[in-house]
Structure formats: structure tokens, C-alpha cells
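Q: sequence plus predicted model, see below.
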Amino acid sequence: MAKNTICLWFDKDAEAAARFYAELFPDSAVHAVHRAPGDYPSGRKGDVLTVDFTVAGVACMGLNGGPAFRHSEAFSFQIATDDQAETDRYWGAIVGNGGQESACGWCKDKWGISWQITPRVLTEAMAAGGEEAQRAFAAMMEMKKIDVAKIEAARRG
């Protein structure tokens, strides 16, 4: 077990979410599914209580805690992509599976978890600073899913 694990609170679908993430992202897997040893406020003995999994190498635990708490954009996974095809694949899988688009490379999956699907070209432009970063940033502000070709053109000016 990892020393530091992200715990994600789900209403009741932690296992389904973990399996979706494990199928979608490399270096991801479902490691264990733990069932409740007794009844609890949002479930019964034998229901899935927690799921241990990794998302792109990050240790996580999904907790089926009921509807008391909701996800917000205050927490998101940021997935770095190498090209438009990879960006499109992740974006399409998340949004196309009951999720929703947001702005500037952000989207939410059907469980309410926020994702930043961020092409490396955008991160590199921001790190370059100056006018290059300003142009790339202005281009990004007009996008939902990041368009790699438009970011590259903005970088060149």
C-alpha cells in the first residue's frame, strides 16, 4: 500500500469508476475490492465499500460513502498528452461516457471527477514564458478540448 493515497468519495460506483480509469489510462489498474463487513449509513454488509486502484501511476482509493459529498473542480486529475490523437482519445472517452465538457482542457466524467487533458505542447508554451506563453494562453482560453495545432500556431506567432 502506498504511503500517500488519494481517496475519492463516490455515491455508490467506486468500482465502476476504477475499472473505467484502469481500462482508459496506461499504468492504471484495479488492485483490490473490499466489501463492507457490516451495515453502514449508505450501504449494507457485503456491498463494495472501497476499491484500491491506480490512475496513470497515482495510488487511489474509491470509497462508496453515499450522496453526502460531491466532487468539485477543486480537485482534478491532470493527464499530460503527447499529441492530438491521445488528447482526442482521453477526451472522447471521458465526455462520451456520460461526462461533460468544460473549458481550457477541463472535463468531468460521469461520476463528477474533473480531468485536465493537457497536451505537453501547451505546458511547454506556458513554461517558455513571455509573448509565446501569452499567445498560447489566449488561444487556450477560447477552447474546450485543447487543439494542438492551434496551440502550436499560437506559439509561433
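A: Yep, that arrived. Worth saying up front: this structure is predicted, and the values here are computed from it rather than measured.
Q: low-confidence bits of this structure, can you list those?
A: Applying pLDDT under 70 to the chain flags no residue at all.
Q: do a quick rundown of the helices in it.
A: 14-24, 84-96, 120-128, 130-140, 148-156 (DSSP state H).
Q: between the ones you listed, which one is nearest to Gly65?
A: Gly65 lies closest to helix 14-24 among the helices of the chain, at 8.8 Å (CB to CB). Just so you know, the C-beta spots here come from the backbone N, C-alpha and C atoms, and that holds for glycine as well.
Q: so which bits of the closest one are buried?
A: Residues of helix 14-24 classed as buried: 14-15, 17-22, 24 (neighbour count, 16 or more other CB atoms under 10 Å).
Q: which other residues reach stretch 140-150?
A: Under the contact criterion CB atoms under 8 Å, 6 or more residues apart in numbering, stretch 140-150 has outside partners 83-84, 87-88, 91, 101-105, 107, 117-119, 121-122, 139, 151.
Q: before we move on, back to that, can you put the buried residues of helix 14-24 in JSON lines and add distance to Met143?
A: Shown next, in JSON lines, are those (distance: CB to CB, whole Å):
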{"residue": "Ala14", "distance to Met143": "31"}
{"residue": "Glu15", "distance to Met143": "33"}
{"residue": "Ala17", "distance to Met143": "26"}
{"residue": "Ala18", "distance to Met143": "29"}
{"residue": "Arg19", "distance to Met143": "30"}
{"residue": "Phe20", "distance to Met143": "25"}
{"residue": "Tyr21", "distance to Met143": "24"}
{"residue": "Ala22", "distance to Met143": "28"}
{"residue": "Leu24", "distance to Met143": "21"}
